[in-house]
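K.L.:
Pasted the sequence and its predicted model underneath.
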Number of protein chains: 2
Amino acid sequence: MAHEIDRTGSVTSAQGFVAGAVYAGMKTYGEGKLDVALLASERSCTVAATFTQNLLHSASVDIDRAKLAAGPVRAVVVNAGIANSSTGARGIADGERVTELAGARLGLPASEVLICSTGVIGHFLPMEKMEAGVAAVAVSPKGGLDFARAIMTTDTRPKHAAVRFGPYTLGGCTKGSGMIHPNMATMLAFLTTDAPVEGAFLQSALSDVVGRSFNMLSIDGDTSPSDTVLLFANGAAGGELITAQSPQAPEFTTALEVLCTFLAKEMARDGEGATKLIEFRISGAADLSQARSLIRLLTTSYLLKSAIHGADPNWGRIVAVIGRSGVAVSERAVSVAICGTRVFEHEQPTAFEPAEVAAAMQGDTIVIDIELGAGLASAIGWGCDLSAEYVSINADYHT
Amino acid sequence: MAHEIDRTGSVTSAQGFVAGAVYAGMKTYGEGKLDVALLASERSCTVAATFTQNLLHSASVDIDRAKLAAGPVRAVVVNAGIANSSTGARGIADGERVTELAGARLGLPASEVLICSTGVIGHFLPMEKMEAGVAAVAVSPKGGLDFARAIMTTDTRPKHAAVRFGPYTLGGCTKGSGMIHPNMATMLAFLTTDAPVEGAFLQSALSDVVGRSFNMLSIDGDTSPSDTVLLFANGAAGGELITAQSPQAPEFTTALEVLCTFLAKEMARDGEGATKLIEFRISGAADLSQARSLIRLLTTSYLLKSAIHGADPNWGRIVAVIGRSGVAVSERAVSVAICGTRVFEHEQPTAFEPAEVAAAMQGDTIVIDIELGAGLASAIGWGCDLSAEYVSINADYHT
């Protein structure tokens, strides 16, 4: 079947990509733990990227933006445990040096190597450990799963997959589950394909798909200075260059959306303390931006996240969020369904049976459908429930 | 001392106000519980009001807006347990009928009686209980404390006080601690004064002070369709009419701000599951609206509220919120102090001792000072920490 998710896939599923990881000593030691990783294309490639919207960004994000503007790149070094954020000029110099070390290890100029860092902010990179770590990484076409494990922080499991489209493979992995031990949420995603994709189209497809997938996910509403999505396309599987006008363009975009949506939902399921994935489906919005902003408010409502944790069909909390959202709507036209049961319409609750809906809400996926009756725009987004476990994960760590 | 808070004060501290309450059976029964209350001025008065900004509002809010636009009012009936929200035309008719019953009990036309309701949404008022309850309320100049208890929902204690200014008294009470059993946050406040205050000035003073006090408070970011603040001024203590031009005008506004700020902080301290009051002080903002919107983001950050619950001096979470807030700022100019210790400046953490700051954070009041270095505007606001108890309060109730 087209676009079937292969859960064993990774960043090295596509041809011509190699990866590897080691334990360099930045994370607290644990059996099998990894914290420094390399990913590279064996041949030149096009790269697309999206970065955090946070005004304050990490040294790594600043370095990557500059390298991408300057010329071609084809590799990335990742370290987990130290975010190298709020570290000033020394943070920039340290990050640049790490890309030199990674380039030396890979036989590439530093200009072709990006860097992503995730972890505690306000700490400098331990350069001796980084130097020894990078020098010890052995990359191979089988290194994708190690790479996926190395980028984890509070994630409870690695998140990786691949999809095929035509003769091509698109693989990737992501990390992020709410907050990084012990400082802030960071979401990183690395995607690779052996399709030959023209740079401008690669970037527009990535920006478009990130807007519908990773950007529609919220664990707790906090965005980090380090959020980064990188997509490498090396053309190793041959064929004609795919541009926005190519017959294969829609299929590529669809495959990218299938993979990114899968990885985004995996992150929501693995949200800190999460026991349920919540899928919000908004229809009838006046425009797309209103539909999306409503989803962001719903996914971050303390009251609604708590109610869903308790499997409580508490439609009043949904209606109250719609009311404070500022979206164009008349209460008369709004209807709400929880797990397929219409619970609110015509300004009043329906005659639904709360116990039946509560029973449906015992499952691990809660679907909330909201019809606003104000227009034709729609959007889908994902979040997770709020548990006491979330509080203890985030209150009980100390810097 | 001028404007000293009298914690024994209430809505009947000012001359010429009477109040009373009974148990009508809307709340779950408990020893000494009250759930229907009346407050009235013995003489005609001016009234100012502010209502929820939620697009969806309760029947009571709609009724009150219409009565205030139509002519003078001097009393209010309050019921706790049922919000009479999302109840359509029948909700409006029920609410109107309750004001008739309260008017009959007080010897006033229904047009002079407002109504406030707080509790479960989507349920109709139990009219037989309301009728019997209202008929049983005995009002007196000593009824203010009963009134304060009757309006409570998930509040763990009544919140009431009074202040004196010149020959006058200003008293009040408030309710709201996060979420109403079992549906949504409602904040109600009732304020009375025996000063003779002209209507237009009363309204402008109230709107101004509410913007700096109750509106700068956030327990969980959810606003209810029922939020209401009412201020009655009956002139029973005599003297000349106070207008915006009067020499007493600044003193009245100051007294009002002292009382409302005290009551707002009492609400934050009694937030659901709260163990700490957090006071945010922003200075150096480009304008007032940026300072206020930053406080709203800080008071609702899951990560920051969790960190403060754990007494963790986690300045990275504060800096990250500033970064995503959209306020005009350069990281270089930002400094952050927690409980009086500067922890971040010049884009880097200071050499503070985390254990000392963590020790200071064991207290029940946490002050966060943020200097943005972007302008001259400042603002203060209040919130509370996020505890596992909050989640269980809000997840374990079922509709």
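P.N.:
All right, it came through fine. Numbering: from 1, shown residues only, chains lettered A, B, ... in the order given.
K.L.:
how about low-confidence regions in the stretch 151-300 of chain A?
P.N.:
A:177-185, A:221-223 (pLDDT under 70).
K.L.:
hey, where'd the strands end up in it?
P.N.:
In the stretch 151-300 of chain A, the strands defined using DSSP state E, counting those that start in this stretch lie at A:159-165, A:168-175, A:188-193, A:228-233, A:277-285.
K.L.:
how about those strands in a markdown table, adding mean neighbour count?
P.N.:
Quick note: C-beta positions are derived from backbone N, CA and C, even for glycine. Formatted as a markdown table, these follow (neighbours: other CB atoms under 10 Å in any protein chain shown):
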| stretch | mean neighbour count |
| --- | --- |
| strand A:159-165 | 23 |
| strand A:168-175 | 27 |
| strand A:188-193 | 28 |
| strand A:228-233 | 27 |
| strand A:277-285 | 21 |
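K.L.:
Measure how far stretch A:43-56 is from the centre of its chain, please.
P.N.:
The chain centroid and the centroid of stretch A:43-56 are separated by 13 Å, computed with CA atoms, centre = their mean, to the nearest Å.
K.L.:
okay, it in PDB with CA atoms only?
P.N.:
Extracted in PDB, the C-alpha atoms of stretch A:43-56 (Å, rounded to 0.1, in the frame of the first residue of the first chain):
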ATOM      1  CA  ARG A  43      26.800  12.500  -1.700                       C
ATOM      2  CA  SER A  44      25.900  16.100  -2.100                       C
ATOM      3  CA  CYS A  45      22.300  16.900  -1.400                       C
ATOM      4  CA  THR A  46      19.600  19.600  -1.000                       C
ATOM      5  CA  VAL A  47      18.500  20.500   2.500                       C
ATOM      6  CA  ALA A  48      15.400  22.200   3.800                       C
ATOM      7  CA  ALA A  49      15.000  23.400   7.400                       C
ATOM      8  CA  THR A  50      12.500  25.000   9.800                       C
ATOM      9  CA  PHE A  51      13.500  26.600  13.100                       C
ATOM     10  CA  THR A  52      12.000  27.700  16.400                       C
ATOM     11  CA  GLN A  53       9.900  30.900  16.300                       C
ATOM     12  CA  ASN A  54      11.200  31.700  19.800                       C
ATOM     13  CA  LEU A  55      12.900  35.100  19.700                       C
ATOM     14  CA  LEU A  56      15.700  33.700  21.900                       C
END
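K.L.:
Kindly indicate whether the residue located most distally from the centre of chain A is helix, strand or coil.
P.N.:
Distance from the centre of chain A peaks at residue A:351, with 39.2 Å (CA atoms, centre = their mean). Under DSSP: H, G, I helix; E, B strand; the rest coil, the three-state class of residue A:351 is coil.
K.L.:
pLDDT score for it?
P.N.:
Residue A:351 is assigned a pLDDT of 91 by the prediction.
K.L.:
can you pull out the helices in chain A?
P.N.:
A:59-70, A:88-106, A:127-136, A:144-150, A:199-212, A:249-269, A:288-299, A:302-309, A:315-324, A:354-360, A:388-396 (DSSP state H).
K.L.:
Report the contact partners of the closest residue to residue A:290 other than its chain neighbours.
P.N.:
Leaving aside its sequence neighbours, residue A:290 sits nearest to residue A:327 (CB to CB, 6 or more residues apart in numbering or on different chains; 4.3 Å). Residues near residue A:327 by CB atoms under 8 Å, 6 or more residues apart in numbering or on different chains: A:285-286, A:290-291, A:293-294, A:372, A:374.
K.L.:
ok, which pair from those is furthest apart?
P.N.:
Among the contacts of residue A:327, the pair separated by the greatest distance (CB to CB) is A:293 and A:374, at 13.4 Å.
K.L.:
how near is residue A:257 to residue A:213?
P.N.:
6 Å (CB to CB, to the nearest Å).
K.L.:
can you check residue A:20 too?
P.N.:
27 Å.
K.L.:
Right, and chain B sits closest to which residue of the stretch 1-150 of chain A?
P.N.:
residue A:56 (3.4 Å; CB to the nearest CB).
K.L.:
Against residue A:239, how distant is that residue?
P.N.:
Distance from residue A:56 to residue A:239, by CB to CB: 42 Å.
K.L.:
Between these two, tell me which one has more neighbours.
P.N.:
A direct count of neighbours by other CB atoms under 10 Å in any protein chain shown for residue A:56 and residue A:239 places residue A:56 higher, at 23 against 14.
K.L.:
Could you find the closest non-adjacent residue to that one?
P.N.:
Nearest non-adjacent residue to residue A:56 (CB to CB, 6+ apart): residue B:323, at 3.4 Å.
K.L.:
sorry, back to before: just name the most buried of the helices of chain A.
P.N.:
helix A:302-309 (a mean of 28; mean count of other CB atoms under 10 Å in any protein chain shown).
K.L.:
Could you dump the strands of the stretch 151-300 of chain A into JSON lines with distance to chain B added?
P.N.:
Below are the strands of the stretch 151-300 of chain A laid out as JSON lines (distance: least, CB to the nearest CB, whole Å):
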{"stretch": "strand A:159-165", "distance to chain B": "21"}
{"stretch": "strand A:168-175", "distance to chain B": "17"}
{"stretch": "strand A:188-193", "distance to chain B": "16"}
{"stretch": "strand A:228-233", "distance to chain B": "15"}
{"stretch": "strand A:277-285", "distance to chain B": "14"}
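K.L.:
The ones you listed: which one's closest to residue B:301?
P.N.:
Between the strands of the stretch 151-300 of chain A, strand A:277-285 lies closest to residue B:301; by CB to CB that is 19.8 Å.
K.L.:
Send me the closest one as PDB with only the CA atoms.
P.N.:
Only the C-alpha atoms of strand A:277-285 are listed here, as PDB (Å, rounded to 0.1, in the frame of the first residue of the first chain):
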ATOM      1  CA  LEU A 277      -3.400  11.200  22.600                       C
ATOM      2  CA  ILE A 278      -6.100  13.900  21.800                       C
ATOM      3  CA  GLU A 279      -7.000  14.600  18.200                       C
ATOM      4  CA  PHE A 280      -8.900  17.900  17.600                       C
ATOM      5  CA  ARG A 281     -10.700  18.200  14.300                       C
ATOM      6  CA  ILE A 282     -12.100  21.700  13.700                       C
ATOM      7  CA  SER A 283     -14.400  22.400  10.700                       C
ATOM      8  CA  GLY A 284     -16.600  25.300   9.700                       C
ATOM      9  CA  ALA A 285     -14.000  27.900  10.700                       C
END
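K.L.:
coming back round to it: quick one: the residue farthest from the centre of chain A from chain B, how far?
P.N.:
12 Å (CB to the nearest CB, to the nearest Å).
K.L.:
show me the contacts for that residue.
P.N.:
Taking CB under 8 Å, 6+ apart as the test, residue A:351 contacts no residue whatsoever.
K.L.:
any idea of the pLDDT on residue A:88?
P.N.:
85.
K.L.:
which non-adjacent residue is nearest it?
P.N.:
Nearest to residue A:88 is residue B:347, by CB to CB, 6+ apart, at 4.7 Å.
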